[in-house]
Every structure is written in structure tokens, then in C-alpha cells.
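K.L.:
Would you be able to build a 3D model of this:
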Amino acid sequence: MSGLNSHPINRLRKSHGNQIGIRLKDGREYRGTVDALDQHMNLVLRDAIEYFKGEKVASYGMIFIRGNNILWVQIDLSPL
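P.N.:
Next up, the predicted model:
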């Protein structure tokens, strides 16, 4: 991939409506459907599930995640 299409935010924009996985800097992980995002990688996930150390912690209808807290994003997440 080259040019603007290879920029991570563009890949994430193409994932709108799809399931993704996210790990935060504090070790928490979320899986959910991308509902909204902005240029700072702030995300809104719907039907999100929170995990910590591999254990399910909570379920959320909607959750906002600040982009500066994200360690990594897994885009092509297979359905659970």
C-alpha cells in the first residue's frame, strides 16, 4: 500500500460499521463495532465488550475511547 490509503486512520475509517479490537495503554481491551471516529482516533464503539487480562469485565451499549489512550487497534477482527 502506498500514499494516503496506507495511513492508519484511513484504514480505520474503512472499518466503520465493522468489529475491531483495541488495547489501551493501561492493558484494558475492547471489542466492538466502530460507530464514529475523528482525526485524533477518538472512537465510539457500540456493543462493546471490555476485557482485562483476558477476562470479560463489562459490556457497554456505547463507549467513547480517547485516541491518545490507544496502544494498538486490530482492524480485521473476525466475528465472535
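K.L.:
Please enumerate the helices of the chain.
P.N.:
8-13 (DSSP state H).
K.L.:
which sections of it are below the confidence cut-off?
P.N.:
1-6, 77-80 (pLDDT under 70).
K.L.:
Can you pull up the most central residue in it?
P.N.:
Geometric centre of the chain, nearest residue: I22, 4.3 Å, by Cα atoms, centre = their mean.
K.L.:
which residues touch that residue?
P.N.:
By Cβ atoms under 8 Å, 6 or more residues apart in numbering, the contact set of I22 is E29, Y30, R31, L43, L45, I65, I70, W72, V73, Q74. Glycine gets a C-beta too; all of them are placed from N, C-alpha and C.
K.L.:
And the strands in the chain?
P.N.:
For the chain, the strands defined by DSSP state E occupy 19-24, 28-37, 43-52, 55-65, 70-74.
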